[in-house]
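1. got a predicted structure plus its sequence, pasted below:
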Number of protein chains: 2
Amino acid sequence: MINIKAKERYHHGDLPNALIDAALLILARDGIEDFSLREVAKMAGVSHAAPYRHFKDKMALLEAIAIRGYSHLEAVCKISYERYPHDPNRQLFEAGMGYLTLVLEKPEVAHLMFSGILTKNHVSLPLKQAGSKAVKSLGWIIENGKQQGIYSDQKTEKLTVTALACVHGIAMMLLGGLVKKPESKQQLKTLAKQISETMLQGLLKR
Amino acid sequence: MINIKAKERYHHGDLPNALIDAALLILARDGIEDFSLREVAKMAGVSHAAPYRHFKDKMALLEAIAIRGYSHLEAVCKISYERYPHDPNRQLFEAGMGYLTLVLEKPEVAHLMFSGILTKNHVSLPLKQAGSKAVKSLGWIIENGKQQGIYSDQKTEKLTVTALACVHGIAMMLLGGLVKKPESKQQLKTLAKQISETMLQGLLKR
DNA sequence: ACCTGAACACCGTTCAAGT
DNA sequence: ACCTGAACACCGTTCAAGT
């Protein structure tokens, strides 16, 4: 009884989020190539035309998912920034781990965020903003490390881009199969430690 | 006259390559999301069913393109390796430039190679081999630098993965719009110099 | 305001039939 | 051996019509 009522309210109440939830499930199961809006609608229990009341088109729904992904990365950076205020290396390592974990656990979301599919034609301000907010929150970690005298005096942006490139590169190589995926959290940590060690040699003042 | 003859021989002679050429054109124009095998066939002047005589399915055609991309990267590494035999840093820089140039000039090909779309389900030995051959040719550059006493004594594979991650990361960030694209070869060089400088501080023995 | 059903113009893929 | 045309089961998107 309660379920039926909830179901009815569900469809009338928050279809946008219901669609996003369904999309995440389908994305994880089928991958982006076989992703269809019609199936999303079916899973959410509405007609195939209903999503168009809430999203301009298929891409707009995927974009909403990518934006959530960027927000998540931003949060990861902020949390690790606050958790280890006196240890920039740890901040960086944990942020990187969060990054890699997202990519490994939600590869399709990462694919949406970084493949360029969504930025091919339209700029889409909200997407752009979400992305640069995430980058900025990494920049704060680097800036903090500089102020603590640990990192090189090169321009913060330069250091940030390089550090980001490094972790992003590993993430994408995992996604694309150029590096074999770690099968445990432990293996992932080992990989991340190796990369960050080699990377830090260039980041640390000496 | 000669043209008509050539055209006739073309269709009977080398449809696979004609399809790949057409696919590259369409990919560059429309992006991967709107890429259709039917249009490729139309551009090559055959029926929409003809491609299936030469490629198992749509993905197999895209895979052939990705394999060509990897071969190109492998060639880039080899050429720069042979051109600057006594300057590993230069070898590395030029290889990186070739990498970034490919991504900027043929973003859709790069997308195919690195997005993971093609490695989602099937392993596809030829694709895997093409990829690892490209990685190996970068490894030689690092190995050479180690033997010349310029690079750190860490394991070659570790250094290779980190260096590759860095250039790959920048490439993917350009693709995905996280870093704004250089508008000239000169701007690209400046960006590459910045990255490689920061990277090398960790790569160089000191 | 939100949703449905039919409609349109596309797809990928298969398969009998043609040359 | 290689290609075509029709056919099937899907898409994304639009739009009148329903509640």
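-> On my side now, so go ahead. Numbering: from 1, shown residues only, chains lettered A, B, ... in the order given.
2. what is the burial count for A:Leu25?
-> 13 (other CB atoms under 10 Å in any protein chain shown). Placement of C-beta: from N, CA and C, glycine included.
3. nearest residue to it other than its sequence neighbours?
-> Nearest residue to A:Leu25, sequence neighbours excluded (CB to CB, 6 or more residues apart in numbering or on different chains): A:Met43, at 6.9 Å.
4. kindly report the same for A:Gly131.
-> That would be A:Tyr70: by CB to CB, 6+ apart, it lies 5.3 Å from A:Gly131.
5. what parts of chain A come near DNA strand D?
-> Residues of chain A lying near DNA strand D by CB under 7 Å from any atom of the strand: A:Phe35, A:Ser36, A:Leu37, A:Arg38, A:Glu39, A:His48, A:Ala49, A:Tyr52, A:Asp57, A:Lys58, A:Met59.
6. mind putting these into a markdown table with neighbour count, pLDDT and secondary structure?
-> What follows is the residues of chain A next to DNA strand D, written out as a markdown table (neighbours: other CB atoms under 10 Å in any protein chain shown; pLDDT from 0 to 100; DSSP: H, G, I helix; E, B strand; the rest coil):
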| residue | neighbour count | pLDDT | secondary structure |
| --- | --- | --- | --- |
| A:Phe35 | 18 | 97 | coil |
| A:Ser36 | 12 | 98 | coil |
| A:Leu37 | 20 | 98 | helix |
| A:Arg38 | 12 | 98 | helix |
| A:Glu39 | 17 | 98 | helix |
| A:His48 | 13 | 98 | coil |
| A:Ala49 | 10 | 98 | coil |
| A:Tyr52 | 14 | 98 | helix |
| A:Asp57 | 11 | 97 | coil |
| A:Lys58 | 17 | 98 | helix |
| A:Met59 | 19 | 97 | helix |
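7. need those residues in a markdown table with distance to chain B, can you?
-> Shown next, in a markdown table, are the residues of chain A next to DNA strand D (distance: CB to the nearest CB, whole Å):
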| residue | distance to chain B |
| --- | --- |
| A:Phe35 | 11 |
| A:Ser36 | 13 |
| A:Leu37 | 13 |
| A:Arg38 | 16 |
| A:Glu39 | 17 |
| A:His48 | 19 |
| A:Ala49 | 21 |
| A:Tyr52 | 18 |
| A:Asp57 | 11 |
| A:Lys58 | 9 |
| A:Met59 | 8 |
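8. which residues in chain A form helices?
-> Applying DSSP state H to chain A gives helices spanning A:2-13, A:15-30, A:37-44, A:58-83, A:88-105, A:107-114, A:125-147, A:156-176, A:185-203.
9. looking at those, which is closest to DNA strand C?
-> Closest approach to DNA strand C among the helices of chain A (CB to the nearest atom of the strand): helix A:15-30, 4.1 Å.
10. what sits up against that closest one?
-> The contact list for helix A:15-30 (CB atoms under 8 Å, 6 or more residues apart in numbering or on different chains) reads A:10-11, A:35-36, A:39-41, A:43-44, A:46, A:50-51, A:53-55, A:61-62, A:64-65, A:68, A:106, A:108-109, A:112.
11. restricted to buried residues, select these in PyMOL.
-> Applying 16 or more other CB atoms under 10 Å in any protein chain shown to these, the buried members can be selected in PyMOL as follows:
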select buried, chain A and resi 35+39+40+41+44+46+51+54+55+61+62+64+65+68+106+108+109+112
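12. first-to-last residue distance for stretch A:152-160?
-> Terminal residues of stretch A:152-160 are spaced 11 Å apart (CA to CA, to the nearest Å).
13. list the buried ones in it?
-> Residues A:Ser152, A:Gln154, A:Thr156, A:Lys158, A:Leu159, A:Thr160 are the ones in stretch A:152-160 that count as buried (16+ other CB under 10 Å).
14. quick check: the farthest pair among those residues?
-> Farthest apart among the buried residues of stretch A:152-160 by CB to CB are A:Ser152 and A:Thr160. That separation is 11.8 Å.
15. once you drop chain neighbours, what's closest to A:Ser80?
-> Spatial nearest neighbour of A:Ser80, chain neighbours left out: A:Glu94 (3.8 Å); criterion: CB to CB, 6+ apart.
16. would you confirm that that neighbour contacts A:Glu82?
-> No: applying CB atoms under 8 Å as the test, A:Glu94 and A:Glu82 come out as separate, 10.8 Å apart.
17. who has more neighbours out of those two?
-> A side-by-side neighbour count of A:Glu94 and A:Glu82, using other CB under 10 Å, places A:Glu94 first with 20 against 9.
18. how about the more buried one, what does it touch?
-> Contacts of A:Glu94 (CB under 8 Å, 6+ apart): A:Val76, A:Ser80, A:Arg83, A:Tyr84.
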